[in-house]
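Undergrad: Have a look at this prediction, sequence included:
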Amino acid sequence: IGSDDGLRKAKIYFQKARSIFESEGDELGVMTISNLIDNVEAEISGDGRRCLTQAIEVGLELRKYQLFTKEFGADDNTTIEAGVQLALAMWKEFRTIEAER
């Protein structure tokens, strides 16, 4: 666990899962699994994992918020929760002014 070989295998399985999500039209599933693939790639490279992970998290939360706003409307509880998670992800990346909006 955590070895480069294990990480490469995980990446292969995640890519297969992403293909399934894409074929099913599951946009949220694709976004989530793509985030996992990016994390595995960062772990394999050993290059700035924490910074990369936080940047990826903000991007994922933003896409989720946009998707939920489109699907459920701005006043839906799911959309509001996604907005809170987006603000928290931005706060963790020191993007507080942007998060306040």
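TA: In hand now; what should we look at?
Undergrad: distance of the residue most central in space within the chain from Ile97?
TA: For the chain, the residue nearest the mean C-alpha position is Leu60 (3.4 Å; CA atoms, centre = their mean). With distances taken as CB to CB, to the nearest Å, Leu60 is found 21 Å from Ile97. C-beta here means a position set from N, CA and C on the backbone, and glycine is covered the same way.
Undergrad: returning to that earlier point: surely the residue nearest to the centre of the chain meets Ile33?
TA: No. Here Leu60 lies out of contact with Ile33, judged by CB atoms under 8 Å, at a distance of 10.5 Å.
Undergrad: any shared contact partners between these two?
TA: Here Leu60 and Ile33 have no joint contacts, going by CB atoms under 8 Å, 6 or more residues apart in numbering.
Undergrad: Spit out the contact partners of Leu7.
TA: 40, 43-44.
Undergrad: For PyMOL, what selects the buried ones among the residues you listed?
TA: To isolate the buried members of the contacts of Leu7 in PyMOL, using 16 or more other CB atoms under 10 Å:
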select buried, resi 40+43
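Undergrad: Save the contacts of Leu7 as TSV, and put in distance to Gly29, secondary structure and pLDDT too.
TA: Listed next are these as TSV, based on distance: CB to CB, whole Å; DSSP: H, G, I helix; E, B strand; the rest coil; pLDDT from 0 to 100:
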residue	distance to Gly29	secondary structure	pLDDT
Val40	17	helix	82
Glu43	21	helix	79
Ile44	23	helix	80
